[in-house]
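Asker: What follows is a predicted protein model with its sequence.
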Amino acid sequence: DAEITQSPRHKITETGRQVTLACHQTWNHNNMFWYRQDLGHGLRLIHYSYGVQDTNKGEVSDGYSVSRSNTEDLPLTLESAASSQTSVYFCASSDGSLAADTQYFGPGTRLTVL
Amino acid sequence: GNSVTQMEGPVTLSEEAFLTINCTYTATGYPSLFWYVQYPGEGLQLLLKATKADDKGSNKGFEATYRKETTSFHLEKGSVQVSDSAVYFCALMSNAGGTSYGKLTFGQGTILTVHP
């Protein structure tokens, strides 16, 4: 079955370190998204991509970067981790052929920055 | 810009009680509306959606009707079960094109706990 996976599921790091969170989908979806989930804020969009070599900033993109070198993967990099980036991170993908496409979410990565 | 407002939680109910979770939105154009559910320790999954005014989305006994006149998409279920305990998110996707295309805007989420 097609799926979307994230790794690691849990990560503890220190302030200032570079961290990369992996996202891999096997649906061959064009669109991929990264969100962070914080209490009281719901999910907020960090970065998104509509296809290979395409990346765009979301509403909370400062301190994060992504790259899209193939259809299946959209890794999220925290250039210099800060305590404010402690959160749960979700990756999602959608086909992109319809305006009301369903987004399919991964299981999440819980990141703690000490 | 687009925004979604959900009722304050958490919501605690007894099994077989009636559930309503309110959701209102602000958006340009004619957005599509969604309810996503997040069970403990899992990612979000689509519960139901509606793409135009007066559409009713339904799934697993849950329903929501797209009300353009009140800009609302309230979630209802006639008889909740313990297994419905989860976090529920209302969301919209703008169909206005351009930079809004394909992106979801979420409400803050409502925690539902159902007791036996």
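Answerer: Okay, I see it.

Asker: going forward, measure contacts and count neighbours with C-alpha atoms only.
Answerer: Will do.

Asker: Could you list the residues in contact with stretch A:33-44?
Answerer: Stretch A:33-44 is contacted by residues A:45-49, A:59-60, A:76, A:87-93, B:89, B:105-109 when judged by Cα atoms under 8 Å, 6 or more residues apart in numbering or on different chains.

Asker: and what of stretch B:5-14?
Answerer: Applying Cα under 8 Å, 6+ apart, the contact partners of stretch B:5-14 are B:19, B:21-25, B:80, B:89-90, B:107-116.

Asker: Selection in PyMOL covering whichever of the contacts of stretch A:33-44 are buried, please.
Answerer: The buried residues among the contacts of stretch A:33-44 can be selected in PyMOL (16 or more other Cα atoms under 10 Å in any protein chain shown) with this line:
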select buried, (chain A and resi 45+46+47+48+49+76+87+88+89+90+91+92+93) or (chain B and resi 89+105+106+107+108+109)
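
Asker: Pick out the residue of chain A closest to chain B.
Answerer: residue A:42 (3.7 Å; Cα to the nearest Cα).

Asker: In the sheet, which residues pair with that residue? Tell me.
Answerer: Counting by DSSP bridges, residue A:42 forms beta bridges with residue A:38.

Asker: leaving aside the residues next to it on the chain, what's closest to residue B:89?
Answerer: Using Cα to Cα, 6 or more residues apart in numbering or on different chains and skipping residues adjacent in sequence, the residue nearest residue B:89 is residue B:109, 4.5 Å away.

Asker: Secondary structure class of residue B:83, three-state.
Answerer: helix (DSSP: H, G, I helix; E, B strand; the rest coil).

Asker: Tell me the residues of chain A that contact chain B?
Answerer: When proximity is defined by Cα under 8 Å from any Cα of the partner chain, chain A lies next to chain B at A:39-44, A:90, A:96, A:99-108.

Asker: Report pLDDT for residue B:101.
Answerer: Looking at residue B:101, its pLDDT stands at 66.

Asker: just checking, residue B:56 touches residue B:62?
Answerer: No: between residue B:56 and residue B:62 there is no contact, the gap being 10.3 Å when judged by Cα atoms under 8 Å.

Asker: pLDDT at the residue in chain B positioned nearest to chain A, what is it?
Answerer: Minimum separation of chain B from chain A (Cα to the nearest Cα) falls at residue B:108, amounting to 3.7 Å. With respect to pLDDT, residue B:108 has a value of 92.

Asker: show me what contacts it?
Answerer: By Cα under 8 Å, 6+ apart, the contact list for residue B:108 reads A:39, A:40, A:41, A:42, A:43, B:4, B:5, B:6, B:89.
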